[in-house]
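Undergrad: Structure, please.
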Amino acid sequence: MKPDAMINGVSMLSLGWLRETVNFPTPQSQSNTITVPGRNSPIRFTEALGRVAYHPRSFDMTFSMLGDRADFDTLVSVVVNQFAGNLCQVTLTEDTTMYAVGTLEAAPSYDPLTGKGTLELSCTDGDAFLYHVEETVVTVSGGGTVILVNDYMSVVPVITVTAETTLRWAVDGESVQKTVSAGKWEIPELELRHGDNTVSITGEGITTFTYREGRL
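TA: Below you'll find the predicted structure:
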């Protein structure tokens, strides 16, 4: 399979572009330290809010084509008019289960001596996390205990219940209880962390948890 990139579901290969290079570096953490006179260790604020926050993800991709200048201009026009300056979802053929989100900017160039055109698509404001293409959906009928497995990105699930339901879970060792009526809810306190998250359900209806996982 030839390496490709899908932008908002559109294959760059199908548009006539060959993918040459791709650079998706890991985003850097938002680190801040204060040196205190007389102390050997600085005060670190990287996890001041209880977790690490990250700077926007930067990435770039380079594509090429062979042809005359008119063909090159046509291919560039198709890409630029669809994606340049737009917030896009980018998926690589190496892992079609994940996508990045960011604003794309285009930088085309053409060499008339070789007849080779290149197009660099870059992003400097991408979301730090990569997202799963498929949402995770877990449904429970009646009461019981459910384990919600989550990737590394913390996420608050959307909870849909068909009857009054009581949910119980633990946050840092402390038990939390919430009763909701039939409908769709987002409970900020019910934030799924990496790994297994246990939630107890009391009710007679159907409870559905929907969330999109992510990782760096």
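Undergrad: so how far is stretch 27-35 off the chain centroid?
TA: 22 Å (C-alpha atoms, centre = their mean, to the nearest Å).
Undergrad: Buried ones in it, by neighbour count?
TA: For stretch 27-35, the neighbour count (16 or more other C-beta atoms under 10 Å) marks Pro27 as buried. For glycine as for every other residue, the C-beta is placed from the backbone atoms N, C-alpha and C.
Undergrad: mind exporting that stretch as CSV, just the C-alpha atoms?
TA: Extracted in CSV, the C-alpha atoms of stretch 27-35 (Å, rounded to 0.1, in the frame of the first residue of the first chain):
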residue,chain,number,x,y,z
PRO,A,27,3.7,17.9,21.5
GLN,A,28,5.7,19.4,24.4
SER,A,29,4.2,19.8,27.8
GLN,A,30,3.3,23.3,29.2
SER,A,31,6.1,23.5,31.7
ASN,A,32,6.8,26.4,34.0
THR,A,33,9.3,26.6,36.9
ILE,A,34,10.3,29.2,39.4
THR,A,35,13.8,29.2,41.0
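Undergrad: average pLDDT for it?
TA: Mean per-residue pLDDT for stretch 27-35: 80.
Undergrad: Can you tell me what sits against that stretch?
TA: Stretch 27-35 has contacts (C-beta atoms under 8 Å, 6 or more residues apart in numbering) with 42-46, 52-58, 126, 128, 216.
Undergrad: now this structure, which segments are flagged as low pLDDT?
TA: Scanning the chain for pLDDT under 70 picks out 44-50.
Undergrad: mind running it again at 80?
TA: 1, 30-36, 38-51, 172-173 (pLDDT under 80).
Undergrad: nearest to Gln89, of the contacts of stretch 27-35?
TA: Among the contacts of stretch 27-35, Gly126 lies closest to Gln89 (C-beta to C-beta), at 10.5 Å.
Undergrad: who's that closest one bridged to?
TA: Arg57 (DSSP bridges).
Undergrad: That one against Phe59, yeah?
TA: Yes. In this structure Gly126 lies within contact range of Phe59 using C-beta atoms under 8 Å: 6.1 Å.
Undergrad: Overlap in contacts, these two.
TA: With C-beta under 8 Å, 6+ apart, Gly126 and Phe59 have common neighbours Ala100, Gly102.
Undergrad: Looking at those two, which one has more neighbours?
TA: Gly126 (22 against 19; other C-beta atoms under 10 Å).
Undergrad: May I have stretch 129-138 as PDB, with CA atoms only?
TA: Provided in PDB are the C-alpha atoms of stretch 129-138 (Å, rounded to 0.1, in the frame of the first residue of the first chain):
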ATOM      1  CA  PHE A 129      -4.100  14.600  21.400                       C
ATOM      2  CA  LEU A 130      -4.800  12.300  18.500                       C
ATOM      3  CA  TYR A 131      -8.400  11.000  18.500                       C
ATOM      4  CA  HIS A 132      -9.900   7.600  17.900                       C
ATOM      5  CA  VAL A 133     -11.900   7.600  14.600                       C
ATOM      6  CA  GLU A 134     -14.600   5.400  16.200                       C
ATOM      7  CA  GLU A 135     -16.400   6.500  19.300                       C
ATOM      8  CA  THR A 136     -16.600   4.100  22.200                       C
ATOM      9  CA  VAL A 137     -20.200   3.200  23.000                       C
ATOM     10  CA  VAL A 138     -21.000   1.000  26.100                       C
END
